[in-house]
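Visitor: No sequence on hand, only this structure:
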């Protein structure tokens with residue numbers, strides 16, 4: 001199953017909105033991690049966004065998965081970029 005690198009872009013204007021929904025967002029990430037759909041996730045240290053690696057059947061399935069993220073549901077993310085990604089070395093099972 002393909003992997004997708006998801007880049008969220010955050011703007012300072014929505015920081016309070018993200019703070020409000022962060023616990024729900026992190027619960028969702030944890031549930032999807034346990035289900036094997038979110039492989040790794042975390043924010044950039046400068047607060048400009050986050051990187052999430054997901055496993056999905058195709059781009060449409062990755063988009064559908066991410067649509068359930070509370071950050072997206074509450075419009076706390078300013079931009080989303082999704083690229084199919086190939087792991088050459090690393091910890092994720094093929």
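Guide: Perfect, thanks for sending it. All values reported here derive from a predicted model rather than from experimental measurement. Numbers count the residues shown, from 1 in each chain.
Visitor: now the strands for the protein?
Guide: Ranges of strands in the chain, per DSSP state E, are 3-9, 38-43, 49-55, 79-85.
Visitor: which sections of the protein are below the confidence cut-off?
Guide: Within the chain, the stretches with pLDDT under 70 are 94.
Visitor: wait, residue 17 sits on residue 76?
Guide: Yes - the pair residue 17 / residue 76 is scored as a contact, 4.5 Å apart, by C-beta atoms under 8 Å. Heads up, the C-betas are built off the backbone N, CA and C, glycines and all.
Visitor: These two - which one has more neighbours?
Guide: Taking other C-beta atoms under 10 Å, residue 17 and residue 76 do not tie; residue 76 has more neighbours (22 against 15).
Visitor: For that one, give me its contacts.
Guide: Shown in contact with residue 76 (C-beta atoms under 8 Å, 6 or more residues apart in numbering): 10, 14, 17-18, 21, 25, 70.
Visitor: Tell me the one of the residues you listed nearest residue 43?
Guide: Closest to residue 43 out of these is residue 10 (7.9 Å), distances taken as C-beta to C-beta.
Visitor: What residues does the closest one make contact with?
Guide: 18, 43, 47-50, 76-78.
Visitor: Give me the neighbour count for the nearest residue to residue 80 once chain neighbours are set aside.
Guide: Nearest residue to residue 80, sequence neighbours excluded (C-beta to C-beta, 6 or more residues apart in numbering): residue 8, at 6.0 Å. By the other C-beta under 10 Å criterion, the neighbourhood of residue 8 contains 23 residues.
Visitor: Contacts only, for residue 71.
Guide: For residue 71, the contacting residues are 8, 18, 21, 25, 77, by C-beta under 8 Å, 6+ apart.
Visitor: Repeat that for residue 6.
Guide: 51-54, 62, 66, 80-82.
Visitor: 6 Å - rerun?
Guide: Residues in contact with residue 6 (C-beta atoms under 6 Å, 6 or more residues apart in numbering) are 52, 82.
Visitor: so what's it bridging to?
Guide: For residue 6, the beta-bridge partners under DSSP bridges are residue 52, residue 82.
Visitor: how many degrees apart are the longest helix belonging to the chain and strand 38-43 in direction?
Guide: As assigned by DSSP state H, the longest helix anywhere in the chain is helix 15-34. Per axes from the mean of the first three to the mean of the last three C-alpha atoms, to 10 degrees, the angle that helix 15-34 makes with strand 38-43 is 160 degrees.
Visitor: Since that was my last question, I'll sign off now.
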